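Q: build me a structure from this.
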Amino acid sequence: QVQLVESGGGLVQAGGSLRLSCAASGSIFSINSMGWYRQASGKQRELVASITETGRTNYADSVKGRFTVSRDNAKNTVYLQMNSLKPEDTAVYYCQMSMQTAIQPWPNDYWGQGTQVTVSS
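A: Numbering: from 1, shown residues only. Have a look, this model is predicted:
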């Protein structure tokens, strides 16, 4: 069984920073892309940032220059460093990984449980 466990969310004032982490565990063969999504209240889930297995990154326009996604392949972990946070960044943040596992040896998407990020003005 594969699990993705997130940490690092919380309450922060506008202009502050938070760092999210998401670690995968279980019978993992390989992890392809990793990413972060968010879902604000009453809105659809949206991509925030992603990183390929070769380190190529992609960001939503709304977070470019403020957020940085990175990964540690040895630890099966993806990070999201969030700086200059704004109230509109308030949402539940979910990590996502495309991976091949012992049970499903073809690429499948796995999701974390979500962590709340609240930015006060």
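Q: centroid residue for the protein?
A: residue 36 (2.8 Å; Cα atoms, centre = their mean).
Q: where does the chain dip in pLDDT?
A: Along the chain, no part satisfies pLDDT under 70.
Q: strands along that one, start to end?
A: 3-7, 10-13, 18-25, 28-39, 46-51, 57-59, 67-72, 77-82, 91-101, 108-111, 115-120 (DSSP state E).
Q: tell me, how many residues neighbour residue 67?
A: The local packing of residue 67 (other Cβ atoms under 10 Å) involves 22 other residues. Where you see a C-beta, it was placed from the backbone N, CA and C, and this is true even at glycine.
Q: kindly state the beta-bridge partners for the residue nearest to the centre of the chain.
A: Note on residue 36: beta-bridge partners residue 49, residue 95, judged by DSSP bridges.
Q: surely it meets residue 93?
A: Yes. Counting by Cβ atoms under 8 Å, residue 93 is a contact partner of residue 36 at 5.9 Å.
Q: any shared contact partners between the two?
A: 20, 48, 80 (Cβ atoms under 8 Å, 6 or more residues apart in numbering).
Q: how long is stretch 15-31 end to end?
A: 33 Å (Cα to Cα, to the nearest Å).
Q: how about stretch 58-73?
A: 18 Å.
Q: repeat that for stretch 14-31.
A: End-to-end for stretch 14-31, by Cα to Cα: 34 Å.
Q: right, so the strands of the chain: which one is the most enclosed?
A: strand 77-82 (a mean of 23; mean count of other Cβ atoms under 10 Å).
Q: distance to residue 110 added to the shared contacts of residue 36 and residue 93, as TSV?
A: Putting the shared contacts of residue 36 and residue 93 into TSV (distance: Cβ to Cβ, whole Å) gives the following:
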residue	distance to residue 110
20	16
48	17
80	17
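Q: so which of those comes closest to residue 10?
A: The nearest member of those to residue 10, counting by Cβ to Cβ, is residue 20 at 9.8 Å.
Q: in the sheet, who's paired with the closest one?
A: residue 80.
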